[in-house]
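Novice: Turn this into a structure:
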Amino acid sequence: MPKRILSQMLKRSKPNRQVISVESQPDDWARTKDFIVTFGAMSGILAGVLWMGGRFYAYGYFERMNIPIYFLSFSAGEYAETYITSITGNILSYIFAHTLAILVAVIIVLVIALILWVVQKFYKNLKLLEAVEKINNINHRFLAISFFILFLFSFIAAYNNGGVAAYYAMTHARPTTVYSRDLLPLGVPSLVSTSDNKSLLYEFTGLYLLTFNNGKYYLFRELDLTTCKPKQVYIVPDSASISINIQSESLAFPNCSVSPNP
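Specialist: This next block holds a predicted model:
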């Protein structure tokens, strides 16, 4: 009998062990997988957006130069770089141009927030913070829509920036001379001898460099001052039989009759 009572007392004296279900614990691995999937999806969307913005910039740039964009080859990183650089330049130039207005707006917002905080502290029945929170919920939706619209307009800004950059590149193009062992369709050449006087080369002068891409030089001779585009674009491959001499100093063309914006 005493042994039975003792065993019952020992059972009662044992601490109750809380059984923790494995299913109730947060699945860290599942959360990690969800994060990886979400991060991968967002990275893909961001890369696609940056690529698209760069394409808009390239369209504006090469359309001004009368070069079809499918002639050219760029990597996704180059497209993203041009888009980010272009839009960042727009944002910084806007901030610097409107620094005083932005500073005044920030001060006004801070003063209003301080006034509301003081009024709410002394008059707690007004419930200003709840009203402000409701207004903030509406503003968050409005800001989301506004950012989306501004994001779309950034593509248009990138396109215009490309046109402006091309305008400057063409009106400040570098004179280029092409030497070739073969006769090229670059106009009427002159014959010059090589440095060792053993052979003759065709010399094409009066050309200006537009751009270099994918092993090809894009050249022009004259701008149409009405459209501010090259009248004709020449494509010269970078081969062993062709030598390109590009001068370091640019020769400015007369200003075109159209705006640098396309």
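Novice: Which parts of the protein belong to which domain?
Specialist: Structural domains annotated on the chain: 35-169, 173-246, as defined by automatic domain parsing.
Novice: hey, where'd the helices end up in this structure?
Specialist: Assigned by DSSP state H, the helices in the chain fall at 2-13, 28-64, 76-97, 99-122, 128-171.
Novice: hey, least reliable of the domains of the chain by pLDDT?
Specialist: Comparing mean pLDDT across these, the weakest is domain 35-169, with a mean of 74.
Novice: Okay, strands next: where are they in the stretch 151-262 of the chain?
Specialist: When assigned using DSSP state E, counting those that start in this stretch, the strands of the stretch 151-262 of the chain occupy the ranges 175-180, 190-193, 200-213, 216-220, 223-224, 229-230, 233-237, 242-246.
Novice: how many neighbours does S250 have?
Specialist: The number of residues packed near S250 is 15, by other Cβ atoms under 10 Å. C-beta here means a position set from N, CA and C on the backbone, and glycine is covered the same way.
Novice: Please disregard the earlier target; I meant T177.
Specialist: When counting by other Cβ under 10 Å, one arrives at 15 neighbours for T177.
Novice: Now D238. Nearest residue, chain neighbours left out?
Specialist: Nearest non-adjacent residue to D238, counting by Cβ to Cβ, 6 or more residues apart in numbering: G215, 4.9 Å away.
Novice: ditto for Y79
Specialist: Taking Cβ to Cβ, 6+ apart, and ignoring the residues beside it in sequence, Y79 has G54 as its nearest neighbour in space, at 2.6 Å.
Novice: In CSV: the domains of the chain, plus distance to W29.
Specialist: Output for the domains of the chain, formatted as CSV (distance: least, Cβ to Cβ, whole Å):
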stretch, distance to W29
domain 35-169, 10
domain 173-246, 46
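Novice: Which among these is found nearest to C256?
Specialist: domain 173-246 (3.2 Å; Cβ to Cβ).
Novice: circling back to that earlier point, for P68, which of the strands of the stretch 151-262 of the chain is the nearest?
Specialist: Of all those, strand 233-237 sits nearest to P68, with 9.5 Å by Cβ to Cβ.
Novice: which residues are in contact with the closest one?
Specialist: 65-67, 71, 178, 184-186, 207, 210, 215-221, 242, 244 (Cβ atoms under 8 Å, 6 or more residues apart in numbering).
Novice: and if you look at stretch 205-221?
Specialist: Where contact means Cβ under 8 Å, 6+ apart, the residues beyond stretch 205-221 that reach it are 62, 65, 67, 71-74, 169-170, 173-178, 186-187, 190, 230-238, 244, 246, 251.
Novice: From these, list just the buried residues.
Specialist: For those, a burial check counting by 16 or more other Cβ atoms under 10 Å picks out 62, 65, 67, 74, 169-170, 173, 175-176, 178, 186, 230, 233-234, 236, 244.
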